[in-house]
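Enquirer: Just need the structure, nothing else, for what follows:
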Amino acid sequence: MSEVIVVASFVAKPGREGELEKFLADLLDETHQEPGCLLYALNRGLTDPSRLVYVERWENLELLTDHLNSDHIQTALAEVGTYLAQDPDIVYYEEAPGGHADKGSISGHAASA
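Expert: Sure, this is the predicted structure:
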């Protein structure tokens, strides 16, 4: 099974942007220690700070599934709605590399770093 890329987008309720960012940032350390986690990075919208997105890279679908079923993620999924203006948008991808190896895929870019 190939690597899995996840893009998980969240939009904060007005006035709750900082709370949502802290809530999501608090998941980083524990997730970084999980088997299969190659990248788990939180990003804030440049022109809209109410938008936060994780860009994730997992060794395979099985280890991603273990992450999604972990206690800390199940708890977070049950609580995150408190901060959200809309349902999260979570999409799973497999790479479709092209062009230069170090710029045409996330794994290729990581390997060149």
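Enquirer: Are we agreed that residue 53 is in a strand?
Expert: Yes: under DSSP: H, G, I helix; E, B strand; the rest coil, residue 53 sits within a strand.
Enquirer: need the contact list for it.
Expert: Residues near residue 53 by CB atoms under 8 Å, 6 or more residues apart in numbering: 7, 8, 9, 10, 42, 43, 45. Every residue, glycine included, has its C-beta placed from N, CA and C.
Enquirer: can you check residue 26 too?
Expert: Contacts of residue 26 (CB under 8 Å, 6+ apart): none.
Enquirer: what's the answer for residue 95, then?
Expert: Counted by CB under 8 Å, 6+ apart, residue 95 has contacts 2, 3, 5, 105, 106, 107.
Enquirer: cool, residue 2 as well?
Expert: Taking CB under 8 Å, 6+ apart as the test, what residue 2 contacts is 60, 94, 95.
Enquirer: tell me what the least confident helix or strand in the chain by mean pLDDT is packed against?
Expert: When the helices and strands of the chain are scored by mean pLDDT, DSSP states H and E, helix 106-112 comes last with a mean of 78. Packing partners of helix 106-112 (3 or more CB pairs under 8 Å, 6 or more residues apart in numbering; DSSP states H and E): strand 37-44, strand 51-58.
Enquirer: in that helix, what's buried?
Expert: 106, 107 (16 or more other CB atoms under 10 Å).
Enquirer: what does that helix rub up against?
Expert: 3, 5, 38, 39, 57, 95, 97, 100, 101, 102, 103.
Enquirer: Throw those into CSV and include secondary structure and pLDDT, thanks.
Expert: Below are these laid out as CSV (DSSP: H, G, I helix; E, B strand; the rest coil; pLDDT from 0 to 100):
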residue, secondary structure, pLDDT
3, coil, 94
5, strand, 97
38, strand, 97
39, strand, 97
57, strand, 97
95, coil, 85
97, coil, 78
100, coil, 83
101, coil, 79
102, coil, 80
103, coil, 83
